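K.L.:
Here's my sequence, what's the structure:
(one chain, ligands or ions: 2)
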Amino acid sequence: MTEVNAQESPRLVVAVDGPSGSGKSSVSKEVARRLGAAYLDTGAMYRAVAWHCANSQVDLTDPEAVLAAAQGIELVISVDPDAERVVVGTEDITQAIREPEVTAVVSTVATNMPVRQLLVERQRQMMDTHRRIVAEGRDITTVVAPDADARVLLTASAEARMARRGIQLGGTVGEKDLKEQISGRDAKDSTVVDFMTPADGVGLVDSTELDLEQTVTAMLGEIERQAGAAVGNPLEGNAAATGQNDLTDSEGRAE
Ligand SMILES: Nc1ncnc2c1ncn2[C@@H]1O[C@H](COP(=O)(O)OP(=O)(O)O)[C@@H](O)[C@H]1O
Ligand SMILES: Nc1ccn([C@H]2C[C@H](O)[C@@H](COP(=O)(O)OP(=O)(O)O)O2)c(=O)n1
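P.N.:
Ligands and ions are numbered 1, 2, ... in the order given. Next up is the predicted model:
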């Protein structure tokens, strides 16, 4: 097996969007590992702002207060696909941002347009500092990085997405709550950005009938089709897993 060496490989920017539970995070992380690339979870940034608001008694119904909180946040987010880490100030909130209390309110942050502008700017800055990066979210293919070397919309049926999230949460969440976490949140989020249909030039990967490995393979095929030589050589290498990931700067300061 030949590994991808991030230092020698050409610059590569991959943008991935899709609805909740389509597999963006798990698939993009694995794709980043195999391409010797950094990984940016932009959803974690919206979640961090939501956590920060809740933690500092900011009124989430007041858009200006939420914007002020987003402007003042001291956020550090890792871009190593093997070491997810989100820190606000001195507090590690990697786990806290996945709690249902944050999931329930994050759309309030994500539908605040000035906050979006601010975070989009920070995401672009972070992406600029990495030669090879896979970034995922809802508006990466259309707003954050429309000029990316490869752009992919990852979808799956609502049933498949709900079933996956149910398993991921250990079967602890009832069907009604799952539906709100998946379809309810997507409905709110899609009032400000379209992540259900691919924009012009964006490839589509439908993972409904695929398992995780098959989805990674399909995604890598689509990236190779679009980005060609920038992908490097070859696709089957797993740089990070074999200790060959040459990311010298595994953190991006998002401020
Ligand atoms: N193609 C797939 N087949 C089966 N399970 C999948 C697939 N893609 C992702 N999963 C699982 O579904 C869950 C949700 O995936 P995740 O990557 O968190 O989605 P998203 O980031 O789009 O919300 C995870 O437990 C993940 O392992
Ligand atoms: N680029 C992005 C990324 C996420 N968001 C929003 C949409 C979601 O409700 C939240 C959290 O995103 P995240 O990707 O963590 O959501 P999932 O639970 O994985 O579906 O942020 C966004 O509006 N734009």
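K.L.:
Check which helices and strands the helix or strand residue 102 falls within sits against.
P.N.:
Element membership for residue 102, per DSSP states H and E: helix 100-110. Applying 3 or more CB pairs under 8 Å, 6 or more residues apart in numbering; DSSP states H and E, we find helix 100-110 packed against helix 42-55, helix 63-72, helix 185-189. C-beta here means a position set from N, CA and C on the backbone, and glycine is covered the same way.
K.L.:
tell me the contacts of the residue in the stretch 151-255 of the chain that ligand 2 sits nearest to?
P.N.:
Closest approach between the stretch 151-255 of the chain and ligand 2, counting by CB to the nearest ligand atom: residue 189, at 4.4 Å. Contacts for residue 189 (CB atoms under 8 Å, 6 or more residues apart in numbering) come out as 107, 110, 111, 138, 195.
K.L.:
if we go to 6 Å?
P.N.:
Each residue near residue 189 by CB atoms under 6 Å, 6 or more residues apart in numbering is listed here: 107, 110.
K.L.:
can you tell me how far it sits from residue 137?
P.N.:
10 Å (CB to CB, to the nearest Å).
K.L.:
Equivalent analysis for residue 119, please.
P.N.:
Where residue 137 is concerned, residue 119 sits at a distance of 9 Å (CB to CB).
K.L.:
which stretch among the helices and strands packed on helix 100-110 comes nearest residue 14?
P.N.:
helix 42-55 (13.0 Å; CB to CB).
K.L.:
near ligand 2, which residues of this protein show up?
P.N.:
Taking CB under 6 Å from any ligand atom as the criterion, the chain approaches ligand 2 at residues 20, 25, 42-43, 46-47, 106-107, 110, 137-140, 185, 189.
K.L.:
Roughly how far does the closest residue to residue 56 other than its chain neighbours sit from ligand 1?
P.N.:
Nearest non-adjacent residue to residue 56, counting by CB to CB, 6 or more residues apart in numbering: residue 69, 6.6 Å away. The spacing between residue 69 and ligand 1, counted by CB to the nearest ligand atom, to the nearest Å, is 24 Å.
K.L.:
if I read this right, residue 69 contacts residue 60, doesn't it?
P.N.:
No - counting by CB atoms under 6 Å, residue 69 stays clear of residue 60, with 9.3 Å between them.
K.L.:
shared neighbours of the two, anything?
P.N.:
Joint contacts of residue 69 and residue 60 (CB under 6 Å, 6+ apart) are residue 53.
K.L.:
ok, these two, which is more surrounded?
P.N.:
Set residue 69 next to residue 60 and count neighbours by other CB atoms under 10 Å: residue 69 wins out with 22 against 16.
K.L.:
Let me see the contact set for that one.
P.N.:
Contacts of residue 69 by CB under 6 Å, 6+ apart are 52, 53, 58.
K.L.:
Next: residue 43.
P.N.:
In this structure, residue 43 makes contact with residue 137, judged by CB under 6 Å, 6+ apart.
K.L.:
In terms of pLDDT, where does it sit?
P.N.:
Looking at residue 43, its pLDDT reads 98.
K.L.:
now it: how far from ligand 1?
P.N.:
7 Å.
K.L.:
nearest residue to residue 16 other than its sequence neighbours?
P.N.:
If the residues on either side of it in the chain are set aside, residue 16 comes closest to residue 136, at 4.1 Å by CB to CB, 6+ apart.
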